[in-house]
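In: Predicted coordinates and the sequence they were generated for:
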Amino acid sequence: MHKPQRILKTFKGALASGLLVLASISAIAASTSALASSLADIEQRGTLRVAVPQDFPPFGSVGTDLQPQGYDIDMAEYLAEQMDVNLDLVTVTSANRIPFLQTDKVDLVISSLGKNPERAAVIDFSEAYAPFFLGVFGTEQAEQIEEPAGLAGKTIGVTRGSVEDMELTGLAPGDTTIKRFEDNATTISAFLSGQVDYIATGNVVAAQIAERESQRAPKMVFQIKDSPCYIGLSQGNDELKAKVNALIEQAKQNGTLESLSQKWFHTSLPESFGS
Amino acid sequence: MELDFSTLVPYAGELVQGFVTTVVLTAISTLAGLGLASLVAYVRSGKASLLGRMLGGYVEVTRNTPFIVQLFFLFFGLSALGFKISALFAAFLAMTLNLGAYSAEILRAGIEATDRGQLEAARALGMSRLQSYRHVVLIPAFARIYPALTSQCIIVMLGSAVVSQISVFDLTYAANFIQSRNFRGFEVYLVVTLIYLLLAVGMRQAFGFVGRRAFAFRQGGNA
């Protein structure tokens, strides 16, 4: 009976030290909001630090010159330019982009960040700066479809089991033919080879198709689901947030966002964007 | 883990649709494929000719490339070239061409096993060329290779599972579809596996039934 007890003791000890580490980490985490750099700090420093993706084209990827490029990078450059400060790009993965912000390693996260309640509990969001949506895309000649009933009689290719498959299946009328393919590549092939004239997919995938095959660039005819991207910043950093929002609004008005959309998504901003 | 088949009930319609598609597709491409095989084997077992060489090329290409590649070639390739064919027709065509090539070779082996003397005897007895070919060569050849042919047809039926890749609503498509909705993969594939098994056993029985009647002359002896 000695042995099991000793094991239990060791286990308890490990548990206690584990809890201690955890407690200190959460204490540090709790104090991080005070770490955030305010707008004044940034202006004084003369550098805006922005977390951008490097593995998610066309939002952010590494170009042939090994420099980051993409919609998010251009957006960061625009903000830094308007704020008249230098830009420091920090490439992050989608898993660590919020921790980078929480530990004040960056001032802004411009990394195709979507809004959800879990994230809203720990960081703040700006206004939407980039379109991100699921839609039905057609060929250049395809006509706009106003409501789900307009999908009747159409044959639409989609990747089986994807979010767009579920959404489309839910809202399309009974006589819409939905052709489900195994993966994105097969769905794209079906569209490019002319087997289907419509596909349901995300605007990012559509942009990739347009990139590869400008002859048959997909055009959005019907929006299924809208979940635009927001710039993430630390909670309570209200001056910076107001500044960023004002610059986004300006970019919307003067066509900067429209030209970014043309450049990286090969299509106009959706009409509903930012409304 | 617990098995819960009740989540499959709402999808019974999909399973039935998939089952029917697989059965019908297999039936028509088996008939068309065996017809094609008979023609190819006839031409190829005769005198060497240009047509025979071309058919030989078809047999070799088909037998030496994966079925799914042939399917994609017909579905995506032809469409990109401007011949737009439906997924179902592409599946039928691919299965027919595949079975045609394999069973042509099986059949040719049966035909070439026929002693020339038998054919000459039939001619000497006054049978026409076609008559003697049909009764002395083709039918006994079919009888000889019938078990191998049965297996080949079943292989094509089982292989038809990949036509789900080009959006044909067959049994496998139904399984993938249901699995992507109720996330009960094990139950779905268990049921579908059973259906395929029953289909294969059923096909073997049906072929046996037909064979016993068509080749009644073989019973009890070796041709």
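Out: Received it, and whenever you're ready, just let me know what you need.

In: Looking at the stretch 101-250 of chain A, what residue ends up closest to chain B?
Out: At 3.1 Å from chain B, A:G161 is the closest residue in the stretch 101-250 of chain A, using CB to the nearest CB. C-beta here means a position set from N, CA and C on the backbone, and glycine is covered the same way.

In: where in the chain is pLDDT low?
Out: Picked chain A for this. Regions of chain A meeting the criterion pLDDT under 70 cover residues A:1-15, A:18, A:21-35, A:274-275.

In: switch to chain B, that's the one I care about
Out: Confidence mapping of chain B against pLDDT under 70 gives the ranges B:1, B:219-223.

In: Near chain A, which residues of it are found?
Out: B:75-77, B:79-80, B:84, B:87, B:164-167, B:173, B:176-177, B:179-181 (CB under 8 Å from any CB of the partner chain).

In: from the residues you listed, which would you call buried?
Out: Buried subset of those (neighbour count, 16 or more other CB atoms under 10 Å in any protein chain shown): B:75-76, B:79, B:87, B:164-167, B:173, B:176-177, B:179-181.

In: from these, which single one is nearest chain A?
Out: Nearest member of those to chain A, counting by CB to the nearest CB, is B:S180, at 3.1 Å.

In: helix, strand or coil for the closest one?
Out: Of the three states, B:S180 takes helix under DSSP: H, G, I helix; E, B strand; the rest coil.

In: Now do the same contact list for B:L55.
Out: Residues in contact with B:L55, defined by CB atoms under 8 Å, 6 or more residues apart in numbering or on different chains, are B:V40, B:V43, B:R44, B:A104.

In: if we go to 7 Å?
Out: With contacts defined as CB atoms under 7 Å, 6 or more residues apart in numbering or on different chains, B:L55 is in contact with B:V40, B:V43, B:R44.

In: Of those, which belong to helices?
Out: Counting by DSSP state H, the part of the contacts of B:L55 found in helices is B:V40, B:V43, B:R44.

In: Can you lay out these as a markdown table showing neighbour count?
Out: Below are these laid out as a markdown table (neighbours: other CB atoms under 10 Å in any protein chain shown):
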| residue | neighbour count |
| --- | --- |
| B:V40 | 23 |
| B:V43 | 18 |
| B:R44 | 21 |
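
In: can you put these in JSON lines and add distance to B:A141?
Out: Supplementary listing: those in JSON lines, determined by distance: CB to CB, whole Å:
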{"residue": "B:V40", "distance to B:A141": "13"}
{"residue": "B:V43", "distance to B:A141": "14"}
{"residue": "B:R44", "distance to B:A141": "13"}
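
In: Quickly note the distance from B:F183 to B:Y11.
Out: 12 Å (CB to CB, to the nearest Å).

In: between the two, which one's more packed in?
Out: Neighbours were counted for B:F183 and for B:Y11 using other CB atoms under 10 Å in any protein chain shown; B:Y11 has more, 21 against 10.

In: my guess is that one meets B:Q179, correct?
Out: No: look at B:Y11 against B:Q179 with CB atoms under 7 Å: they stay out of range, at 9.7 Å.

In: hang on, A:I110 packs against A:V52?
Out: Yes: look at A:I110 against A:V52 with CB under 7 Å: they come within range, at 5.8 Å.

In: so what sits against both of those two?
Out: Joint contacts of A:I110 and A:V52 (CB under 7 Å, 6+ apart) are A:D72, A:A76.

In: Phi and psi next, for B:G57.
Out: Main-chain torsions, B:G57, degrees, to the nearest 10: phi -60, psi -40.

In: same thing with A:T159?
Out: Note on A:T159: backbone dihedrals following degrees, to the nearest 10 are phi -80, psi 130.

In: Quickly list what the residue lying closest to A:G63 once chain neighbours are set aside is bridged to.
Out: Closest residue to A:G63 apart from its sequence neighbours, by CB to CB, 6 or more residues apart in numbering or on different chains: A:Q69 at 4.2 Å. With DSSP bridges as the criterion, A:Q69 is bridged to A:S61.

In: So A:Q69 versus chain B, what's the distance?
Out: The gap separating A:Q69 from chain B is 31 Å, by CB to the nearest CB, to the nearest Å.

In: What parts of the stretch 101-250 of chain A come near chain B?
Out: A:R160, A:G161, A:K179, A:R180, A:F181, A:E182, A:T186, A:S189, A:S193, A:G194, A:Q195 (CB under 7 Å from any CB of the partner chain).

In: Where does the fourth one fall, secondary structure wise?
Out: Translated: A:R180. Element membership for A:R180, per DSSP states H and E: strand A:177-181.

In: and that strand, C-alpha only, in CSV?
Out: These are the backbone C-alpha positions of strand A:177-181, laid out as CSV (Å, rounded to 0.1, in the frame of the first residue of the first chain):
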residue,chain,number,x,y,z
THR,A,177,-29.7,20.8,-58.7
ILE,A,178,-26.8,20.8,-56.2
LYS,A,179,-23.8,18.8,-57.4
ARG,A,180,-21.6,17.9,-54.5
PHE,A,181,-17.9,17.2,-55.1
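
In: How far off centre is that strand?
Out: In this view, strand A:177-181 has its centroid 27 Å away from the chain centroid, taken as CA atoms, centre = their mean, to the nearest Å.

In: so what's residue 80 closest to, chain neighbours aside?
Out: Here I'm looking at chain A. Spatial nearest neighbour of A:A80, chain neighbours left out: A:L87 (3.7 Å); criterion: CB to CB, 6+ apart.

In: Sorry, I should have been clearer: chain B.
Out: Spatial nearest neighbour of B:A80, excluding adjacent residues (CB to CB, 6+ apart): A:S193 at 4.4 Å.

In: contacting residues for A:E239?
Out: Applying CB under 7 Å, 6+ apart, the residues near A:E239 are A:S38, A:L39.

In: name the element it belongs to?
Out: Per DSSP H and E, A:E239 falls inside helix A:238-253.

In: CA atoms of that helix as CSV?
Out: C-alpha atoms of helix A:238-253 as CSV (Å, rounded to 0.1, in the frame of the first residue of the first chain):
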residue,chain,number,x,y,z
ASP,A,238,-10.5,53.7,-27.6
GLU,A,239,-8.5,56.5,-29.1
LEU,A,240,-6.7,54.0,-31.4
LYS,A,241,-10.0,52.4,-32.2
ALA,A,242,-11.6,55.7,-33.1
LYS,A,243,-8.6,56.6,-35.3
VAL,A,244,-8.6,53.2,-37.1
ASN,A,245,-12.4,53.5,-37.7
ALA,A,246,-12.1,57.0,-39.1
LEU,A,247,-9.4,55.7,-41.5
ILE,A,248,-11.5,52.7,-42.6
GLU,A,249,-14.4,55.1,-43.2
GLN,A,250,-12.1,57.3,-45.3
ALA,A,251,-10.8,54.3,-47.2
LYS,A,252,-14.4,53.3,-48.0
GLN,A,253,-15.2,56.8,-49.2
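
In: So A:I110 and A:V52 - more neighbours on which side?
Out: Neighbours were counted for A:I110 and for A:V52 using other CB under 10 Å; A:I110 has more, 32 against 29.
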